[in-house]
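Asks: 3D, please:
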Amino acid sequence: MSKVTLIIDGREVEAEQETSLLEAAKSIGISIPTLCYHPALSPFGACRLCTVEIISRGRSRLVTSCNYPAEEGLEVRTSSPPVIRARKMLIELMLARAPKAKVLQDLAQEYGVDKVRFKMGREEELCILCGLCVRMCEEVVGVSAINFTKRGVEREVTVLPEISPEVCIGCGACASVCPTGLITVEDLYGRKVLHAEAGLGPTTPIHIPYMYAVPCIPAIDHDSCIHFQTGGCKICERFCERGAINHEMEDEYEEIEVGAIIAATGFQPFNPAQIPQYGYGRYDNVITGLELERLCNASGPTGGKILLADGREPESVGIIHCVGSRNQHYHEYCSKVCCMYSMKLAHLAREKTSAKVYEFYTDLKSAGKGYEEFYNRVLDEGVIFVRSRPPEVIPQNGALVIQCEDTLADCQRQIPVDLVVLSIALEPQSDAEQIARLFRISRTKDGFFLEKHPKLDPVATPTEGIFVVGCCQGPKDIPDTVAQASAAAARALAMISKGKVEIEAITAVVDEEFCSGCKTCIPLCPYGAISFVEEKKVSVINEALCKGCGTCGAACPSGAITSRHFTTGQIMAQIEGILV
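Replies: Model (predicted):
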């Protein structure tokens, strides 16, 4: 595309021929006000605030810079007297419609508009008819859930909640471009999205999965991406300078032959919204320990500061232990890490704020090297420990009150706090059952993977070559996880380095002459050692996988499966030898 040279406010600018005057001015640092322009949308010129004066062939006129292209030899003035007068008039007109719009009030102050000479509209009106939401929904999202209605002075935009939920996909694109804040997005629990970048609300379709991810590159969430819902959008492709985004890519599956498998699928945090007495999801300042950890992080959205939803620093913090743990209605087991990470969060809260910190616990478990010393340190820092039965969070006069039964003082207490932190349980991943079926791993009644022996072989499983480590085997802290992972890695390397695998001497064997091909044995084998040969119509046993448990032999209706070295004849001979 050819380039043209023009003059903007006395400065020579070189720009591509189809570039708008607004973008050309922006390229040299000149900001032109606009409330209806977005680079992802076609220029509309609805607000007219981007009006500039152009001089071409000796003639001067006013045009909207967002949709007027750069021309060779054109002279542009962005703040001449006619331009300022036009902008003041436009600000007055928009203020008459939406007097409470903060963005208009700021513009009025900047341009010296003290009063509005036109008839004022409704005080609560915020829509300025810029059309950004309508065009975003139509051009980018492709669903047209928002549109203009009526004509003339009665013209308006239909906004939530009038939109049919069958049409609106809840992408939030309209809210992201609304200049006055009229359109807001709420999460599943009805909270306004505050600090969405903090991980405390819905994530964007393109995001880095978690801090320090390896590789640390963004990924597209297929379920929330507008393109995969409507076929439209693709804004990210247009703005990615490196051309790294391709929506047509498909998942690829690779089959890799390995000598050992280490299952380290981890855990998922318990959802405290299941326990309504804590108010998680209903009260803004009730968060989880992981969310507080995110706020404390120096690379987090608040720069490491602990702040409330309205941006204030809390004066009191209440940390509730065992949320979802040691509870017969949810999880009966202890999550093992809650007590210590709660004390760590209390320490951080005391270090970063002057807040009074309360710990509401049932029983404190600080078993580990240096753990008891850390507990004493937190006590010395002024953290108040309250031994109580599961408390309740109650909103009261705009604040939060934790009501609990103090079992040491034998009384009911109500303690007002600004911030409530829930120490949530660790629970098995939602797909743990699928993983267990795939690798033939047994599970405990709590859903965690079952090891071969809790003391003598805590990382192996009954299936040879498959190991379990970390929280998928049971709740544990970082030192225990590292130790178990190192043990599993050593076991796997030792097995691979041998080059040979020792198999059980006692394994099952199929007598093909008696096998009827009923396949009864195949689903019963806990090790997946039995397969069916279609050509011969018989079952065969992989001796490397078979552990000689005898389940298949006991279930075989035709008696075709026997255990090697434990045939009926051999057992009878042993009995005869003993008796004779």
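Asks: Show me the shaky parts of the stretch 51-200 of the chain.
Replies: The stretch 51-200 of the chain contains residues with pLDDT under 70 at 159-166, 185-200.
Asks: show me where it has strands.
Replies: Applying DSSP state E, counting those that start in this stretch to the stretch 51-200 of the chain gives strands spanning 51-56, 59-64, 75-77, 148-149, 156-157.
Asks: Mind listing residues that contact the first one?
Replies: Right, strand 51-56. For strand 51-56, contacts defined as CB atoms under 8 Å, 6 or more residues apart in numbering pick out 21, 25, 32, 60-65, 68, 71, 73-78, 80, 82-83, 86-87, 90. Bear in mind the C-beta positions are built from the backbone N, C-alpha and C, glycine included.
Asks: Tell me the buried residues within those residues.
Replies: Buried subset of these (neighbour count, 16 or more other CB atoms under 10 Å): 21, 25, 32, 62-65, 68, 74, 76-78, 80, 83, 86-87, 90.
Asks: Out of those residues, which sit inside helices?
Replies: Here DSSP state H is the test, and those give 21, 25, 83, 86-87, 90 as lying in helices.
Asks: Can you name the two of these that sit furthest apart?
Replies: Maximum pairwise distance in these, criterion CB to CB, is 18.0 Å, between 25 and 90.
Asks: how far out from the middle of the chain is the top helix by length along the chain?
Replies: If you go by DSSP H, the chain has its longest helix at helix 478-498. Centroid displacement of helix 478-498 relative to its chain, using CA atoms, centre = their mean, to the nearest Å, is 30 Å.
Asks: What's the mean pLDDT across the helix or strand following that helix?
Replies: The helix or strand immediately downstream of helix 478-498 is strand 508-510, counting by DSSP states H and E. Taken as a whole, strand 508-510 has a mean pLDDT of 89.
Asks: Following strand 508-510 in sequence, what is the next regular element?
Replies: helix 521-524.
Asks: got the CA coordinates for that following helix in PDB?
Replies: Listed next in PDB are the C-alpha coordinates belonging to helix 521-524 (Å, rounded to 0.1, in the frame of the first residue of the first chain):
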ATOM      1  CA  CYS A 521     -12.200 -63.200  32.100                       C
ATOM      2  CA  ILE A 522     -11.200 -60.000  30.200                       C
ATOM      3  CA  PRO A 523     -13.100 -57.400  32.200                       C
ATOM      4  CA  LEU A 524     -12.300 -59.200  35.500                       C
END
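Asks: Could you list the buried residues of that helix?
Replies: Under the neighbour-count criterion of 16+ other CB under 10 Å, helix 521-524 has residue 521 buried.
Asks: Make residue 1 into 4 and carry on from there
Replies: OK, 4 is where the count begins now, so the last one is helix 524-527.
Asks: just checking, what packs against that helix?
Replies: Other elements packing on helix 524-527 under the criterion 3 or more CB pairs under 8 Å, 6 or more residues apart in numbering; DSSP states H and E are strand 533-536, helix 554-558.
Asks: Turn these into TSV, including distance to residue 350, mean neighbour count and mean pLDDT.
Replies: Listed next are the helices and strands packed on helix 524-527 as TSV, based on distance: least, CB to CB, whole Å; neighbours: other CB atoms under 10 Å; pLDDT from 0 to 100:
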stretch	distance to residue 350	mean neighbour count	mean pLDDT
strand 533-536	55	16	90
helix 554-558	53	17	88
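Asks: For these, give me CSV that also has distance to residue 278.
Replies: Output for the helices and strands packed on helix 524-527, formatted as CSV (distance: least, CB to CB, whole Å):
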stretch, distance to residue 278
strand 533-536, 45
helix 554-558, 41
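Asks: Figure out which of those is closest to residue 351.
Replies: helix 554-558 (52.7 Å).
Asks: Which secondary structure elements does the closest one sit against?
Replies: On a contact count with 3+ CB pairs under 8 Å, 6+ apart, helix 554-558 meets helix 524-527, strand 564-566.
Asks: would you turn these into TSV with distance to residue 105?
Replies: Listed next are these as TSV, based on distance: least, CB to CB, whole Å:
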stretch	distance to residue 105
helix 524-527	66
strand 564-566	79
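Asks: CSV please, covering these and showing mean pLDDT.
Replies: Formatted as CSV, these follow (pLDDT from 0 to 100):
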stretch, mean pLDDT
helix 524-527, 88
strand 564-566, 87
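Asks: Which one, of those, ends up nearest to residue 6?
Replies: helix 524-527 (71.9 Å).
Asks: ok now the closest one, how far from the chain's centre?
Replies: Counting by CA atoms, centre = their mean, helix 524-527 comes out at 40 Å from the chain centroid.
Asks: Let me see the residues that make contact with that helix.
Replies: With CB under 8 Å, 6+ apart, helix 524-527 has contacts from 533-535, 542, 554-555, 558-559, 564.
Asks: want to try JSON lines for the strands of the stretch 54-203 of the chain, with distance to residue 211 as columns?
Replies: Below are the strands of the stretch 54-203 of the chain laid out as JSON lines (distance: least, CB to CB, whole Å):
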{"stretch": "strand 54-59", "distance to residue 211": "40"}
{"stretch": "strand 62-67", "distance to residue 211": "38"}
{"stretch": "strand 78-80", "distance to residue 211": "41"}
{"stretch": "strand 151-152", "distance to residue 211": "38"}
{"stretch": "strand 159-160", "distance to residue 211": "34"}
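Asks: And for the nearest residue in space to residue 269 that is not next to it in sequence, the neighbour number?
Replies: Spatial nearest neighbour of residue 269, chain neighbours left out: residue 474 (5.3 Å); criterion: CB to CB, 6 or more residues apart in numbering. For residue 474, the count of nearby residues is 25 (other CB atoms under 10 Å).
Asks: cool, and residue 155?
Replies: Around residue 155 there are 5 residues (other CB under 10 Å).
Asks: Next up, phi/psi of residue 209, please.
Replies: When quoted as degrees, to the nearest 10, the phi and psi of residue 209 stand at phi -110, psi 120.
Asks: how far away is it from residue 171?
Replies: According to CB to CB, to the nearest Å, residue 209 and residue 171 sit 21 Å apart.
Asks: Could you do residue 456 as well?
Replies: 55 Å.
Asks: okay, those two: which has more neighbours?
Replies: residue 171 (16 against 11).
Asks: Look up the closest residue to the more buried one, ignoring the ones flanking it.
Replies: residue 148 is the one closest to residue 171 (CB to CB, 6+ apart), at 4.2 Å.
Asks: and if you look at residue 7?
Replies: Computed as CB to CB, 6+ apart, the closest residue to residue 7 that is not its neighbour in sequence is residue 75, at 4.3 Å.
Asks: Please apply the same query to residue 465.
Replies: Using CB to CB, 6+ apart and skipping residues adjacent in sequence, the residue nearest residue 465 is residue 455, 5.7 Å away.
Asks: other SSEs contacting the particular helix or strand that has residue 15 in it?
Replies: Here residue 15, judged by DSSP H and E, is contained in strand 14-19. When contacts are defined as 3+ CB pairs under 8 Å, 6+ apart, strand 14-19 packs onto strand 6-11, helix 24-29.
Asks: Now do it: everything it contacts.
Replies: In contact with strand 14-19 (CB under 8 Å, 6+ apart) are residues 4-10, 26-28, 30-31, 73.
Asks: Would you mind listing which of the residues you listed are buried?
Replies: 7, 9, 26-28, 73.
Asks: which residues of the chain score low on pLDDT?
Replies: For the chain (pLDDT under 70), the answer is 4, 162-169, 188-206, 213-215.
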